[in-house]
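Peer 1: Got a predicted structure plus its sequence, pasted below:
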Amino acid sequence: QVQLVESGGGLVQAGGSLRLSCAASGRTYSSYAMGWFRQAPGKEREFVAYISWGGGSTRHAESVKGRFTISRDNAKNTVYLQMNNLKPEDTAVYYCAAKLGTTTDHPGEYTYWGQGTQVTVSS
C-alpha cells in the first residue's frame, strides 16, 4: 500500500511559479514509478509528467515541456513538480500517482492516487 498526499498548490499570477510536492508513505515507495496528472473542470484527466523509480527516466507533456520539471527524492519519499512560467490554461487540480514497474502516461495504469491540489493561474 502507498498513500500519497499532495501539497503546494495555490493561486498565482501568469508567469509565476509553484512547486508541488507529493509525500508518499510505504517502505517500498522507491520501487514505484510516479506521475503527475491534472484535471480542469469539464475536461478529462491528462498526463503532465512521469519519473521512473530511480529518477533516471522522465517525460513531460508537450504542453508543459520547458516550463515544468518532475523530480524525486527517495530518501524523503517525495516527488516534486516544479512549475515555472505558469499560464491560465495550467489551472486544474493536480494529482500525483504511483505504480509498480515501468513509467507510462496512461492514468488508468496507475494504482495509487493522491487527493489532488488546486492550482489556479490568473491572467
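Peer 2: Looks like it arrived, so ask away.

Peer 1: Does the residue positioned nearest the centre of the chain belong to a helix, a strand or coil?
Peer 2: Nearest to the geometric centre of the chain sits Trp36, at 2.4 Å (C-alpha atoms, centre = their mean). Put simply, Trp36 is strand when judged by DSSP: H, G, I helix; E, B strand; the rest coil.

Peer 1: Strands along this structure, start to end?
Peer 2: Ranges of strands in the chain, per DSSP state E, are 4-7, 10-13, 18-24, 32-39, 46-51, 58-60, 68-73, 78-83, 92-100, 112-113, 117-122.

Peer 1: Buried residues of stretch 67-81, list them for me.
Peer 2: Neighbour-count burial for stretch 67-81 flags 68-70, 72, 77-81 (criterion: 16 or more other C-beta atoms under 10 Å). C-beta: built from backbone N, CA, C; applies to glycine.

Peer 1: Figure out the length between the terminal residues of that stretch.
Peer 2: Using C-alpha to C-alpha, to the nearest Å, the span of stretch 67-81 from its first residue to its last is 10 Å.

Peer 1: Please work out which residues outside that stretch touch it.
Peer 2: Stretch 67-81 is contacted by residues 19-26, 29-30, 34, 36, 48-51, 55, 58, 60, 82-86, 94, 96 when judged by C-beta atoms under 8 Å, 6 or more residues apart in numbering.
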